[in-house]
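Engineer: Please find the sequence and the predicted model below.
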Amino acid sequence: MADKEKSKGFLDNIEDGLKEYWAWILAALILWFIFAFNLQYGLIRAILPIIGVIILGRIAWAMWLHYIQQDFISGIDFVLLEIVPPREVLRSPKAMELFITNALYHFSYKGGKEEYWQGAVWFWFSLEIVSLDGQVHFYIRTPTRIRSLIETQMYAQYPQAQVKAVEDYTLGVDEISPKSAWNAWGCEFKLLKPEAYPLKTYVDYELDKNPKEEFKVDPISPLVEFFGSLQKGEQAWMQIVITPSKKTYHTKGTWFGKHDWAAEARDEWYKLLYPFTSQREEPGQGLVKSARIEVRVPPYLDRISKAMIAKVSKLGFDTGIRIFYVAKKEVYTVNRRKDIRLIFRQYESPDCNGLDRHNSTQGDAYSGVFPASAETVMFLANRMLNEYRERAFFHLPLRHELFNVHKIPWPLSGFVRAYFHPVNFVLNVEEIATLWHFPGQIMRVPTLERIESKEASPPTNLPV
């Protein structure tokens, strides 16, 4: 009986191996057949033209998709909406989370004609906090066709707020150059760890429990306070550009299998707890095939394990974050760089995740051993000004794809001034609402524009 069970287990292993590696076995047999009958030379002469056609066809297809998508994007009209918060914000950031979910998550399936002939792309939005001479403003840049939806959803969560279309404030800065009156510094941000690890959110600060105003600790307060402290002639701009996540990752053990960001986050969770499972297989292949499994999470991993699970329970957005400090040359302060680099420190924790600057206008990717010249820094600042104005994180121009620092190594990247390739990552709606929401009543920044009086409808019994 024991011999039969051993034999059955051996045959099952062979069957599993054939199912998993059938493609490699087939390729090995084909190669053996070619070399055994000396067919390689004729086969190469026959295959080379086909390979050339495939490569050229792939390039032509990529160029076509890029062209029609840029043509589609050029036809989208955008509007910048300023959101003036009410004088008293008594609701938690949960209200902003609900607004972002209902108004900005535009997931849609594109048909073949829409995607490959018309170049249709998903809409993206920019959530912005801006200081103009110390006056703090909240903005949303959106396609015009979504404007009414944004207004209704904003009023649904903040009835006393005001939504109005305004001129793009970035147009007030013509350029960053030796001839202009402006100087600037900016950077983008990336995650310190894989996307599965979440940032600290308003839930970690217990704002979801609606504590009394005097006990609230709002993580957005340091940013708004810093923006409100700027002097006349100084400006600070922050943009969070989002679109529903459609990232895919290659599924290990398959040729063409793909999975989304949530499945990738679960794989990271499996890897984190792999040493503490009673039965083990290769990480990423699933934990076990049988139902008998025991995972003993140590206390120091309990919080992060629950946080990783909670992150994938909410909608995810592909996200890009950029901050730009611009000021008149006579008041430009170099020390503002440090303030900007530390502006998101309250969202970081050692066991979870955090935001770190990269692609800064200091030209880090260009300089290598020697620092970039002042002319290069100003050139990069002007380039970032244009990228900020375009809200460029998705669907980049062709020049970004061909001439970026990832394809042109140092020191050649410095000579040709290759583009920094913007990095986007997945944040869920809770994390985004933490980064962009109205500060509460306890936040008394005098330069934060608010509605000073409540709006109310007239009584119904007024004489006509």
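Structural biologist: On my side now, so go ahead.

Engineer: May I see the domains of this protein written out as residue ranges?
Structural biologist: 2-55, 78-247+317-435, 249-307 (automatic domain parsing).

Engineer: Quick one: closest of those domains to residue 71.
Structural biologist: domain 78-247+317-435 (5.8 Å; C-beta to C-beta). In this view, the C-beta of every residue, glycine as well, is placed from N, C-alpha and C.

Engineer: The closest one - what's its average pLDDT?
Structural biologist: Domain 78-247+317-435 carries an average pLDDT of 88.

Engineer: One more: stretch 51-71?
Structural biologist: On average, stretch 51-71 scores 86.

Engineer: Residue 235 bridge partners, please.
Structural biologist: Residue 235 has the following beta-bridge partners by DSSP bridges: residue 132, residue 326.

Engineer: Out of the domains of the chain, which is closest to residue 62?
Structural biologist: Across those, closest to residue 62 is domain 78-247+317-435 (C-beta to C-beta), at 8.8 Å.

Engineer: Which element, helix or strand, includes the residue sitting nearest the centre point of the chain?
Structural biologist: Centroid-nearest residue in the chain, with C-alpha atoms, centre = their mean: residue 319, separated by 1.7 Å. Following DSSP states H and E, one finds residue 319 within strand 316-328.

Engineer: Check which helices and strands that strand sits against.
Structural biologist: With contacts taken as 3 or more C-beta pairs under 8 Å, 6 or more residues apart in numbering; DSSP states H and E, strand 316-328 sits against strand 182-191, strand 234-244, helix 336-341, helix 374-390, strand 425-428, helix 429-435.

Engineer: List the buried residues in it.
Structural biologist: Neighbour counts over strand 316-328 (16 or more other C-beta atoms under 10 Å) mark 316, 317, 318, 319, 320, 321, 322, 323, 324, 325, 326, 327 as buried.

Engineer: Tell me the spacing between the second one and residue 432.
Structural biologist: In other words, residue 317. 6 Å (C-beta to C-beta, to the nearest Å).

Engineer: Check the fourth one too.
Structural biologist: Note on residue 319: its distance to residue 432, by C-beta to C-beta, is 7 Å.

Engineer: I figured the residue nearest to the centre of the chain hits residue 427, correct?
Structural biologist: Yes: judged on C-beta atoms under 8 Å, residue 319 makes contact with residue 427 at a distance of 4.5 Å.

Engineer: Overlap in contacts, the two.
Structural biologist: Both residue 319 and residue 427 are contacted by residue 242, under the criterion C-beta atoms under 8 Å, 6 or more residues apart in numbering.

Engineer: about what we covered before: now distance to residue 99 too, for the helices and strands packed on strand 316-328, in JSON lines please.
Structural biologist: Putting those into JSON lines (distance: least, C-beta to C-beta, whole Å) gives the following:
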{"stretch": "strand 182-191", "distance to residue 99": "23"}
{"stretch": "strand 234-244", "distance to residue 99": "13"}
{"stretch": "helix 336-341", "distance to residue 99": "27"}
{"stretch": "helix 374-390", "distance to residue 99": "24"}
{"stretch": "strand 425-428", "distance to residue 99": "15"}
{"stretch": "helix 429-435", "distance to residue 99": "8"}
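
Engineer: Looking at these, which is nearest to residue 210?
Structural biologist: helix 429-435 (14.8 Å).

Engineer: Can you give me the buried ones in the closest one?
Structural biologist: For helix 429-435, burial by neighbour count (16+ other C-beta under 10 Å) applies to 429, 430, 431, 432, 433, 434, 435.

Engineer: quick one: the strand holding residue 319 to strand 234-244, angle?
Structural biologist: Comparing the axes of strand 316-328 and strand 234-244 via axes from the mean of the first three to the mean of the last three C-alpha atoms, to 10 degrees yields an angle of 160 degrees.

Engineer: from the middle of its chain, how far away would strand 316-328 be?
Structural biologist: In terms of C-alpha atoms, centre = their mean, to the nearest Å, the gap separating the centre of strand 316-328 from the centre of its chain is 11 Å.

Engineer: hey, C-alpha coordinates of it in CSV?
Structural biologist: The C-alpha trace of strand 316-328 is given here as CSV (Å, rounded to 0.1, in the frame of the first residue of the first chain):
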residue,chain,number,x,y,z
GLY,A,316,-6.4,51.9,-6.6
PHE,A,317,-5.1,54.8,-8.7
ASP,A,318,-2.0,55.1,-10.7
THR,A,319,-0.5,58.2,-9.1
GLY,A,320,2.3,60.7,-9.8
ILE,A,321,3.3,63.4,-7.3
ARG,A,322,5.3,66.5,-8.2
ILE,A,323,6.1,69.7,-6.1
PHE,A,324,7.5,72.9,-7.7
TYR,A,325,8.8,75.9,-5.8
VAL,A,326,9.1,79.1,-7.9
ALA,A,327,9.9,82.6,-6.7
LYS,A,328,11.2,85.9,-7.9
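
Engineer: angle of that strand against helix 374-390?
Structural biologist: Going by the same axes, to 10 degrees, strand 316-328 makes 130 degrees with helix 374-390.

Engineer: any idea of the angle strand 316-328 forms with strand 182-191?
Structural biologist: Going by the same axes, to 10 degrees, strand 316-328 makes 160 degrees with strand 182-191.

Engineer: Use 32 as the first number for this chain going forward.
Structural biologist: New numbering, starting at 32: the last item is strand 347-359.

Engineer: show me where the stretch 282-431 of the chain has strands.
Structural biologist: 289-290, 347-359, 386-389 (DSSP state E, counting those that start in this stretch).

Engineer: packing partners for the first one?
Structural biologist: Looking back up the chat, that one is strand 289-290. By 3+ C-beta pairs under 8 Å, 6+ apart, strand 289-290 packs against strand 280-281.

Engineer: and after the helix or strand harbouring residue 61, which helix or strand comes next?
Structural biologist: Per DSSP H and E: residue 61 is located in helix 33-67. Next along the chain after helix 33-67, taking DSSP H and E as the criterion, comes helix 71-105.
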